[in-house]
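S.K.: Here is a sequence together with a model predicted from it:
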2 protein chains.
Amino acid sequence: MSELSVTPEPPYYAVIFVSRTSGDVVGYAETAAHMLELAARQPGFLGVDTARSDGVGITVSYWESEEAIGAWKADADHTSTRATGRARWYDGYELRVARVERAYGWRR
Amino acid sequence: MSELSVTPEPPYYAVIFVSRTSGDVVGYAETAAHMLELAARQPGFLGVDTARSDGVGITVSYWESEEAIGAWKADADHTSTRATGRARWYDGYELRVARVERAYGWRR
């Protein structure tokens, strides 16, 4: 069972990526894991949560700044991966960049 | 297979709810569905995406304004549901309110 991401006090940024996969998902899991590894190596990366069910995947990554998100986007390997995903795995996706303004958590 | 939510041009708001469920999930699916129905009836509700795997659930709801989010939170039934969830179903959760600043989508 995955641990939930723990993030610092707001403000910070979230990239909300919601996707629907097509039937062809060969190589998807490995590439998705690789993209998360790339994100985790970027300065300003704060954490990520991900879940997938019923053909819909949601990955929310957390970042210190919009600049950190831009650096991730510019990463050449990541850009190549995005093109592959678009061509092969996804029926569609929505990507939203949002500024987290307030947050709270609870643990048993 | 669920359809992805389609939202208007930013700015708007997102409530990012990430939870880890405990072993006791009796009644969870029904209550989660009911909470989404309540949200969908609120003025200012724009849509919702949800996925759950590996014990982690992510539900992102989209809203026209922070006021609309506040009205949903204040909904008595919803508030009661949240208390039940905290007591019974969740090992923990993180809730983040974020202002969506830019977004783009793609469809095959």
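M.R.: It's in. Numbering: from 1, shown residues only, chains lettered A, B, ... in the order given.

S.K.: residues in contact with the longest helix anywhere in chain A?
M.R.: When chain A is parsed with DSSP state H, its longest helix is helix A:28-41. For helix A:28-41, contacts defined as CB atoms under 8 Å, 6 or more residues apart in numbering or on different chains pick out A:21, A:45, A:48, A:50, A:59, A:61, A:72, A:75, A:77-78, A:81, A:84-85, A:89. The C-beta positions use only the backbone N, C-alpha and C, and glycine is treated the same way.

S.K.: The following helix or strand past it - what's its average pLDDT?
M.R.: Per DSSP states H and E, the first helix or strand lying C-terminal to helix A:28-41 is strand A:45-53. Average pLDDT, strand A:45-53: 94.

S.K.: Residue A:101: neighbouring residues, count only.
M.R.: With neighbours defined by other CB atoms under 10 Å in any protein chain shown, the count for residue A:101 comes to 14.

S.K.: hang on, I meant residue A:6
M.R.: Counted with other CB under 10 Å, residues neighbouring residue A:6 total 12.

S.K.: helix, strand or coil for it?
M.R.: Per DSSP: H, G, I helix; E, B strand; the rest coil, the secondary structure class of residue A:6 is coil.

S.K.: among the contacts of helix A:28-41, which two are most distant?
M.R.: The span of the contacts of helix A:28-41, defined through CB to CB, is set by A:21 and A:45 at 24.3 Å.

S.K.: and residue A:5, what are its phi and psi?
M.R.: Backbone geometry at residue A:5, expressed as degrees, to the nearest 10, gives phi -70, psi 140.

S.K.: Relative to residue B:108, how far out is it?
M.R.: Residue A:5 sits 30 Å away from residue B:108, going by CB to CB, to the nearest Å.

S.K.: who has more neighbours, the two?
M.R.: The neighbour count for residue A:5 versus residue B:108, taken as other CB under 10 Å, is higher for residue A:5 (18 against 10).

S.K.: residues in contact with the more buried one?
M.R.: By CB under 8 Å, 6+ apart, the residues touching residue A:5 are A:46, A:47, A:48, A:49, A:62, B:18, B:94.

S.K.: Please list only the buried members of the contacts of helix A:28-41.
M.R.: Among these, the ones that count as buried by 16 or more other CB atoms under 10 Å in any protein chain shown are A:21, A:45, A:48, A:50, A:59, A:61, A:72, A:75, A:78, A:81, A:85, A:89.

S.K.: Identify the bridge partners of the fourth one.
M.R.: In other words, residue A:50. Beta-bridge pairing of residue A:50 under DSSP bridges involves residue A:59.

S.K.: of the contacts of helix A:28-41, closest to chain B?
M.R.: Minimum distance to chain B across the contacts of helix A:28-41 is 7.5 Å, recorded for residue A:50 (CB to the nearest CB).

S.K.: Only the buried residues of whatever helix or strand residue A:96 lives in, if you could.
M.R.: Taking DSSP H and E as the criterion, residue A:96 maps to strand A:90-107. Residues A:90, A:92, A:93, A:94, A:95, A:96, A:97, A:98, A:100, A:103 are the ones in strand A:90-107 that count as buried (16+ other CB under 10 Å).

S.K.: I'd like the average pLDDT over it.
M.R.: 94.

S.K.: ok, that strand: who's next to it in the sheet?
M.R.: Neighbouring strands of strand A:90-107 in its sheet, by DSSP bridges, are strand A:12-21 (antiparallel), strand B:90-107 (antiparallel).
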